[in-house]
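**Student:** Got a predicted structure plus its sequence, pasted below:
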Amino acid sequence: MAKKTLYDMKPVKGYEKKLEDFFPMERRCSNCLGCKFVPFEKIKSNRFGRNCPSVWYYNFNTYSARGRFQLGQNIIEDGYVKFEGQALDAIFNCQACGACDVACKVTRFNLEPLAHNIALKERAVEKGLAPVELKAMAKQLERQKSMLPDAKKADRANWAKGLKLKDVSGKETAEYVFFPGCQYAYDPILQKKAQTYVKVLQKAGVDLGYLGNADMCCGGRAKQTGFRKEFEAEAQANAAAWKKADVTKIVTPCADCYHAIKRQYALLGIEVEVVHAVELIADLVKAKKLKFKKNIDLMVTYHDPCHLGRLGEPFEAWNGTEKKILNQIHTWEPARPRYAGTFGVYDAPREILEAIPGVRLVEMERIRENSWCCGAGGGCSVFSPEFSDAVASERVTEAQATGAEAIVTACPWCEINLTGIESDNGTFMEVVDIIDLVAKAL
Amino acid sequence: MALTKEFYRALEDIVGPRNVSDDPAVTENYRCITAQSSAHSGPYETRTPKPQAVVLPGCTEEVQQIVKLCNKYKVGFKAATTFWAAMGYIGNDNSIQLDMIRMDQVEVDAKNMIATCEPFAIGATVQVEAMKNGLNCNIAGVGCSSSTLAGSAGWVGFGPSSISMGIASENLLGVEWVLPDGEIVRTGTLGSDGEWFCGEGPGPSPRAIFRGWTGTAGSMGVCTKIAIRLHPWPGPKWIPTRGAAPMYRADGLDMVRAYTVCFPTWDAYAEGFRLFYEADVCYLAHRQFNMFGRDIKTAMVEILTHPEKQFRDLPEVMEDPYIKAQNDEMKIDVQVVVAGLTERDLDYKEKAFDAILAQIGAHKSEYYLQPDIEDFVKLYLLRLARKNYNYTLCSSYEGNFGLSPNVFVAAPLMEEASALKREWEQTHTGVAAVGGDSDMGSASGIGGGGTTGWEFFVHFDGFDRDSITDSCAFIDRTQEWMIGKGLGADMGRWNADARKPDGYDYSQEEHDALYAGLPQPALAIYPWKIREAFNPNHLTGTYMKTMTPPEVKAAQKAKKTQKK
């Protein structure tokens, strides 16, 4: 068992980055168009060649990563634009899905479009200029420890009723703490799926516990939407609860929570081992602790959640500076992590699907590090539903083009946002939580 | 000068409210920061003027209505697609910018081997649609992120594939064009019944009128659709790839080979290019990786193909004895793709290619024969997806020298040009010190074995004022050298008389003064007459280099005197 080194609130260098710190990046963006398309060598059709939902939907350059670099320069450095009108619209209508970031890093070693976009949001939030729906969400987070509008803290642990789960907030201990995240904790349909996750893991012999009422929101969505202080408060509270409960390993079925804990908490100096449930299940299948016995005759396509895939890479602490060699060539001393989507969680869910008898996996054009967002990210499904639905519809259309009967995913936000959405041709597609297929096949 | 409410409402009526904006967050983003871009000119803060509005037309009819509206209100306009360089941006304050992003369709007519492309169809998307049909398209050397329409209708379009497919303008068949007064002209395929096609019908070439010299100089309204010729593709329906992001490689392209050829001398290099063309053995040919610089190119490829490596490893990798030896061998080099439609075809081409190498004393680089490296190069050259590596070293670059397109004229000058750059790198810190020679370009165009694209890449930091200033000074120096050699203007100064250093268009009076001393004034007077005929309200910028004819000037002067 890994030695725990919990919350000491010593953010690693780079966490405190302010918008002003992005000036060099704003000036060094080369307007190459890379942030508007799937990496060019991975494009398979004109129809599904785009990668950034924001500029795909709004079309003005301001809504692209390049546009936001210039917007940042126009606002902060040059003062040509103020935090108002379409500037705010462009800043917040970004799913923070990271597709631009990965595409940019195919060729560039010194730009961070996603971090810059979030820094723009944070500055707008600091000025009190976030959309009212997001402000309400942040208020709800503060009061009820969840960003979901109807959530009540007192009901947080209701999802676990009837389960034989150890409550590690008391005296019990467990190897893994199941961290459901808000959607699985509160949504009546998803609560059942959370229970299925627990039952499946328990069936495979995983020593599982939960935090009872001490459980709360990961805060990841607050970070994506620019509410940095609120995110930090959640992270601090979670870390304190984990410390009190002696938590060393967390398993979560939510891609957002996974990313928040793995990447954002790590930036704050909070170190705790976190795995997504699909990683654990894939390992259990490989170890033959879970055996699929039933045939499921279904052709499926898998939707890579942004925060599990390209944004789910392992965190590497870096404390260094820029250095030029050969007169003008930019380098970092020491080597700086590049986060190009290389090491995200892509194979585990596919291995599970391929192990289920009868399930045939067909791939969409935009997959893995180049996956198209479901549309829910960055709070867009809350304050910009038309945009969010259009992005979801684009994904459903792409899924239909594979001939699959269902979309499988491993994130509750994606599941909710893709469900009930019409494709281009006005038809719908079944959206399946991967755990439902797993449970059905056991 | 703000637009009238009436004008703005009319724009909204044409494209819908969500497709037009005069919000500063949008309009300020359609100003080119020239020092940062490859249109590297002017001081640090120079920007092109702010458009009064940005409009996103969705079809040709909307473009036509916008242009007619601009004529009615005497508002300037300019259309662009990728907004990569200053030439796509407006040049005076009383103008609107058309962003053609919504017009992105590609249609392939496999039987006739043509594709029709809207403005925002880029090289990558045109190519993937062509490949589905066993076809391929020429992608200009600037890379697959560029608009096929802009490259074909508005530029020369040399590229790696030009040796077998021709340059972009040679592949241009039909054109649909909204003229500066709002009239729509369709030529070639688009103007016929589709039964046959060609660049133009008999008679004078309207294409030259639209394009002007190298296209952008035409400034003739808005090109809304083109038809281009496609070419055979001896591979699958899309290029299969393997490898972890972002180190992608082509996978399983059995009928395609990629080589790097090392030449013993520049004479052998020029002769090799001639023979490659005459023997018709190359699918693609481009001096590509030398754009990083002669001293570092192999180390750069090594870094770019290994995800764990970064630029900080450059000095160490350069000193690796194997890499150093390989790099030394390929001072004078070219990357080549040989492809066969059948195994027999490929076998013949490989043999012919080897025979040419033997004849001129060249050989294939061992380093680039490694399967993983070869597959990286295949993908690189076929899709031209990584041309953004132009920027990767320092964030900005400028095309420099632009030596003669005739390989036999330019090759003997290469070492002298390289020495000039190497000396600058050693005495100034503003440009990257990469070994002097950073020339790159295509080996040939189909129109003639001697036609060759040449360009030195000068890498500078778009954030560093000193680097910008120093690289500008270097281009001034090479301008002197080029003129001294009788080679014409340096590439970095080609558009110097199209847009002023402050980012604005020249006035007609300023152009008249600039061209007053031309040895052949008709070169600017004739375009003036064309411009007057097609663009009577002068609404589309000054990239068209015009001089008022003396008789018109005299008449204007007389009129003024009379008024007084």
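**Tutor:** Okay, I see it. Numbers count the residues shown, from 1 in each chain, chains lettered A, B, ... in the order given.
**Student:** can you pull out the strands in chain A?
**Tutor:** A:166-167, A:176-178, A:208-210, A:249-252, A:273-276, A:298-302, A:321-325, A:329-333, A:359-361, A:406-409, A:430-433 (DSSP state E).
**Student:** Mind listing the strands the fifth one pairs with, and their directions?
**Tutor:** The one in question is strand A:273-276. strand A:249-252 (parallel) (DSSP bridges).
**Student:** Can you pull the residues of the stretch 201-350 of chain A lying near chain B?
**Tutor:** Residues of the stretch 201-350 of chain A lying close to chain B by C-beta under 8 Å from any C-beta of the partner chain are A:323-336, A:338, A:340-343. All C-beta spots, glycine's among them, are computed from the backbone N, C-alpha and C.
**Student:** Quick one: neighbours of the closest residue to residue B:492 other than its chain neighbours, just the number.
**Tutor:** Among residues not flanking residue B:492 along the chain, residue B:475 sits closest, at 4.0 Å (C-beta to C-beta, 6 or more residues apart in numbering or on different chains). By other C-beta atoms under 10 Å in any protein chain shown, the residues close to residue B:475 number 23.
**Student:** List the buried residues of the helix or strand where residue B:475 lies.
**Tutor:** Secondary structure from DSSP states H and E places residue B:475 in helix B:465-484. Using 16 or more other C-beta atoms under 10 Å in any protein chain shown as the test for burial, helix B:465-484 gives B:467-472, B:474-475, B:477-479, B:481-482.
**Student:** Check stretch A:153-171 too.
**Tutor:** For stretch A:153-171, by 16+ other C-beta under 10 Å, it's A:156-157, A:159-160, A:165-169.
**Student:** from those, which is closest to chain B?
**Tutor:** Nearest to chain B out of those is residue A:159 (C-beta to the nearest C-beta; 35.7 Å).
**Student:** and residue A:203, how many neighbours does it have?
**Tutor:** 13.
**Student:** residues contacting it?
**Tutor:** Listed by C-beta atoms under 8 Å, 6 or more residues apart in numbering or on different chains, the contact partners of residue A:203 are A:290, A:442.
**Student:** How confident was the prediction at the nearest residue to residue A:28 once chain neighbours are set aside?
**Tutor:** Once flanking residues are discounted, residue A:28 sits nearest to residue B:395: 3.6 Å by C-beta to C-beta, 6+ apart. We have a pLDDT of 90 for residue B:395.
**Student:** Low-confidence ranges, the chain, go.
**Tutor:** Let's take chain A. A:1-15 (pLDDT under 70).
**Student:** nope, chain B please
**Tutor:** B:1, B:36-44, B:188-219, B:446-451.
**Student:** Mind checking which residue lies nearest the centre of it?
**Tutor:** For chain B, the residue nearest the mean C-alpha position is residue B:142 (4.6 Å; C-alpha atoms, centre = their mean).
**Student:** Assign that residue to helix, strand or coil.
**Tutor:** Assigned with DSSP: H, G, I helix; E, B strand; the rest coil, residue B:142 falls in the coil class.
**Student:** for residue B:116, same thing?
**Tutor:** strand.
**Student:** Would you quantify the distance from it to chain A?
**Tutor:** 12 Å (C-beta to the nearest C-beta, to the nearest Å).
**Student:** didn't that residue look like it was pressed against residue B:126?
**Tutor:** No: using C-beta atoms under 8 Å, residue B:116 makes no contact with residue B:126, being 9.8 Å away.
**Student:** Between these two, tell me which one has more neighbours.
**Tutor:** Using other C-beta under 10 Å, the more surrounded residue of residue B:116 and residue B:126 is residue B:126, with 27 against 21.
**Student:** separation between the more buried one and residue B:383?
**Tutor:** Residue B:126 sits 11 Å away from residue B:383, going by C-beta to C-beta, to the nearest Å.
**Student:** The residue in the stretch 251-400 of chain A positioned nearest to chain B: neighbour count?
**Tutor:** Among the residues of the stretch 251-400 of chain A, residue A:331 lies closest to chain B, at 3.9 Å counting by C-beta to the nearest C-beta. Counted with other C-beta under 10 Å, the neighbours of residue A:331 add up to 22.
**Student:** In this structure it contacts residue B:314, no?
**Tutor:** Yes: counting by C-beta under 8 Å, residue A:331 touches residue B:314, with 7.5 Å between them.
**Student:** Span of stretch B:444-458 from start to end?
**Tutor:** 23 Å (C-alpha to C-alpha, to the nearest Å).
**Student:** what does stretch B:395-411 give?
**Tutor:** 29 Å.
**Student:** Which residue ranges of the stretch 251-400 of chain B form helices?
**Tutor:** With DSSP state H, counting those that start in this stretch applied, the stretch 251-400 of chain B shows helices at B:266-279, B:297-304, B:314-319, B:321-329, B:343-360, B:371-383, B:389-392, listed in chain order.
**Student:** Mind putting these into TSV with mean neighbour count and distance to chain A?
**Tutor:** Formatted as TSV, these follow (neighbours: other C-beta atoms under 10 Å in any protein chain shown; distance: least, C-beta to the nearest C-beta, whole Å):
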stretch	mean neighbour count	distance to chain A
helix B:266-279	20	25
helix B:297-304	24	9
helix B:314-319	16	6
helix B:321-329	15	14
helix B:343-360	15	23
helix B:371-383	22	5
helix B:389-392	23	4
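**Student:** Adding distance to residue A:136, write those out as a markdown table.
**Tutor:** A markdown table is the format used below for the helices of the stretch 251-400 of chain B (distance: least, C-beta to C-beta, whole Å):
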| stretch | distance to residue A:136 |
| --- | --- |
| helix B:266-279 | 67 |
| helix B:297-304 | 47 |
| helix B:314-319 | 51 |
| helix B:321-329 | 58 |
| helix B:343-360 | 65 |
| helix B:371-383 | 46 |
| helix B:389-392 | 42 |
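**Student:** where's the residue lying closest to the residue of the stretch 251-400 of chain A closest to chain B once chain neighbours are set aside relative to residue A:316, distance?
**Tutor:** Excluding its sequence neighbours, the residue lying closest to residue A:331 (C-beta to C-beta, 6+ apart) is residue B:312, at 3.9 Å. Counting by C-beta to C-beta, the gap from residue B:312 to residue A:316 is 15 Å.
**Student:** repeat for residue B:436
**Tutor:** With C-beta to C-beta as the criterion, residue B:436 and residue A:316 are 37 Å apart.
**Student:** okay, now residue A:379: neighbour count?
**Tutor:** 28.
**Student:** What residues does the residue positioned nearest the centre of chain A make contact with?
**Tutor:** By C-alpha atoms, centre = their mean, chain A has its centre lying nearest to residue A:307, at 2.5 Å. By C-beta under 8 Å, 6+ apart, residue A:307 lies in contact with A:220, A:255-256, A:258-260, A:377, A:411.
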